[in-house]
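J.: this is the structure alone, sequence omitted:
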Ligand code: GLV
Ligand code: MG
């Protein structure tokens, strides 16, 4: 399983060369260069060329490089894939397929990628897939979608299209619909995406928060999906990047604690030959180790370093 850090996934319209340039200086974990909904129909073809040039000539060191192609109900998808991968396949980590509603759509992209990789001397299977779930049909088919290709790396929630698909009564993406006073209207969708992702070893990514100036609103929705276990969230602005990088990384305390659990458990099982031991006042066992592994992996991916060390019991 490929585990890239994706705390912040920056959307960059492929038709805007100024943004394509500017994005290279921003500290997002992932950048996705968009050919879909942020690009006007008349600008689609020029956007392909811009995106290929930006991948080829830009400096994206340390970032996961993704291109979002158009969805399969349009006439653009196959040419998006062919032009982007032929032009810059060796400078690309994943393609994002929007509005996925059926496992067959992911299988189609997998087969096409294999063809283009073979024809261009690229390693077969090298380019991953991110699948956006943004309709009732996509959500209902999510388990089959999640199992559709070994190239899949993430399931991504698309709240704007999703809200339209189910007729949710609000136009403000990510905010609770007026009149819904109990709980969180997005909980079911987020949980369903998370379950499918975890069941098939994929990352779960939350979508955009469109009110750019409302950083508190962004933080609230980001904390909500981070608390459930989501790996990251889309960002549309530099201020959102900082917040997402912080919110989706474990805190220093949690990270230190996780590394301590791993050391203490290793010591207990390998030196003392016991399966459950005390770490301070806390009982830890194999299940604690599994939880600690997740937090430690996220912390290391986020560049945290330990501030405490393990002292074996005397
Ligand atoms: C993103 O694509 C969304 O529809 O929210
Ligand atoms: Mg969408």
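T.: Yep, it's here. Remember, predicted model here, so these are calculated numbers, not experimental data. Ligands and ions are numbered 1, 2, ... in the order given.

J.: what mean pLDDT does stretch 222-242 have?
T.: Here stretch 222-242 scores 96 as its mean pLDDT.

J.: helices and strands of this protein: which one bottoms out on pLDDT?
T.: strand 277-279 (a mean of 84; mean pLDDT, DSSP states H and E).

J.: other SSEs contacting it?
T.: helix 252-270, strand 282-284 (3 or more Cβ pairs under 8 Å, 6 or more residues apart in numbering; DSSP states H and E). Yep, even glycine has a C-beta here, placed from its N, CA and C like the rest.

J.: residues of that strand that come out buried?
T.: 277, 279 (16 or more other Cβ atoms under 10 Å).

J.: show me the contact partners of that strand.
T.: 260-261, 264-265, 268, 283-284 (Cβ atoms under 8 Å, 6 or more residues apart in numbering).

J.: max pairwise distance over these: which two?
T.: 260 and 283 (14.0 Å; Cβ to Cβ).

J.: quick one: which of these two has more around it?
T.: residue 260 (21 against 9; other Cβ atoms under 10 Å).

J.: and that one, how far from ligand 2?
T.: 42 Å (Cβ to the ion, to the nearest Å).

J.: again with residue 204
T.: For residue 204, the distance to ligand 2 - Cβ to the ion - is 16 Å.

J.: isn't that residue right up against residue 191?
T.: No - look at residue 204 against residue 191 with Cβ atoms under 8 Å: they stay out of range, at 9.8 Å.

J.: who's more crowded, these two?
T.: residue 204 (24 against 14).

J.: so the more buried one bridges to which residues?
T.: residue 155 (DSSP bridges).

J.: contacting residues for it?
T.: Residue 204 touches 154-155, 157, 193-194, 197-198, 225, 229-231, counting by Cβ under 8 Å, 6+ apart.

J.: tell me the one of these nearest ligand 2?
T.: Taking Cβ to the ion as the measure, ligand 2 lies nearest residue 157 of the contacts of residue 204, at 9.6 Å.
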